[in-house]
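Engineer: Okay, predicted coordinates and the sequence, questions at the end:
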Amino acid sequence: NAAISAPSPQPTSSTRALMAALRDTKRVDARGLELDAGNVAAAVSRGLSVIQGDADVELSEYPDASFDYAILSQTLQTARRPDVVLDHLLRIGQRAFVSFPNFAHWGVRLSLLWGGRMPVTRLLPEQWFDTPNIHHVTIDDFRAFVKARDIAVEGAWFLSGDKQTTSAAANFRAEHAVFLLRPQELKEPKRLPQGSNL
């Protein structure tokens with residue numbers, strides 16, 4: 001079973017599609033947590049199990065080891081306390097998938113350098129004044145964060161559009177990242193999903 005959290009200001013159709021695909025193809029009992037009531041209604045109308053709530057607050061209410069996997073989809077940078085949210089995610093799930101936009105991507109850097117303005121991109125579509133993103137995390141920031149907190153990285157995928165990039169150049173070339181995490185004390189690693197690179 002899986003718990004999935006997505007922010008409402010970001011497009012959630014892909015999150016709904018992921019939940020539906022997991023339910024339909026893998027027979028996963030997926031549960032969603034969504035901030036926006038309209039997005040909750042859209043998910044429920046597709047037969048998905050989604051409740052309205054805020055990951056900053058609601059994840060603390062779940063019992064330990066409630067899920068095999070917990071998924072935080074494009075939400076980390078919007079959380080008031082991403083460190084606390086990640087702690088709860090790893091407490092309620094045996095493993096956690098975490099995805100986020102990479103604020104060190106070359107396009108973001110060029111926008112700031114040459115334009116002198118906060119970037120607006122395909123993955124960062126809002127202006128600075130209405131963005132839900134309050135923590136501008138980079139891939140290298142996240143790598144240092146999980147290392148300092150003794151969180152194991154079982155897999156990592158670095159993407160620009162639909163193309164995967166190598167780990168070595170990820171901080172510069174990847175638009176977004178997906179990490180598969182687990183607490184260090186969970187010693188039995190599972191088989192690494194196809195396409196992962198560390």
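Structural biologist: All right, it came through fine. Numbering: from 1, shown residues only.

Engineer: Name the residues that touch the lengthiest helix in the chain?
Structural biologist: Taking DSSP state H as the criterion, the chain has its longest helix at helix 13-26. The contact list for helix 13-26 (Cβ atoms under 8 Å, 6 or more residues apart in numbering) reads 2, 4, 6, 28-30, 32, 39, 42-43, 46-48, 50, 71, 73-74. Any C-beta I mention is one placed from the backbone N, CA and C, and that applies to glycine too.

Engineer: what packs against the host helix or strand of residue 142?
Structural biologist: Here residue 142, judged by DSSP states H and E, is contained in helix 139-148. Judged by 3 or more Cβ pairs under 8 Å, 6 or more residues apart in numbering; DSSP states H and E, helix 139-148 is in contact with strand 151-160, helix 170-173, strand 176-183.

Engineer: With distance to residue 80, mean neighbour count and mean pLDDT added, can I get those in CSV?
Structural biologist: Conversion of the helices and strands packed on helix 139-148 to CSV gives the following (distance: least, Cβ to Cβ, whole Å; neighbours: other Cβ atoms under 10 Å; pLDDT from 0 to 100):
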stretch, distance to residue 80, mean neighbour count, mean pLDDT
strand 151-160, 20, 19, 96
helix 170-173, 25, 20, 96
strand 176-183, 20, 21, 95
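
Engineer: Distance to residue 109 for the ones you listed - can I get that in TSV?
Structural biologist: What follows is those, written out as TSV (distance: least, Cβ to Cβ, whole Å):
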stretch	distance to residue 109
strand 151-160	14
helix 170-173	8
strand 176-183	15
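
Engineer: and residue 104, which of the three is it?
Structural biologist: Here residue 104 is coil, with the state taken from DSSP: H, G, I helix; E, B strand; the rest coil.

Engineer: and the residue lying closest to it once chain neighbours are set aside, what pLDDT?
Structural biologist: Distances taken as Cβ to Cβ, 6 or more residues apart in numbering place residue 138 nearest to residue 104, at 3.7 Å, with adjacent residues excluded. Note for residue 138: predicted pLDDT of 96.

Engineer: and residue 138, how many neighbours?
Structural biologist: By the criterion of other Cβ atoms under 10 Å, residue 138 has 20 neighbours.

Engineer: so who does it touch?
Structural biologist: Residue 138 makes contact with 102, 103, 104, 171, according to Cβ under 8 Å, 6+ apart.

Engineer: And residue 117, what's its pLDDT?
Structural biologist: For residue 117, the model assigns a pLDDT of 82.

Engineer: same question, residue 91
Structural biologist: For residue 91, the predicted pLDDT is 93.

Engineer: Same question for residue 189.
Structural biologist: Note for residue 189: predicted pLDDT of 50.

Engineer: which intervals of the protein have sub-threshold pLDDT?
Structural biologist: Low-confidence segments of the chain (pLDDT under 70): 1-14, 186-198.
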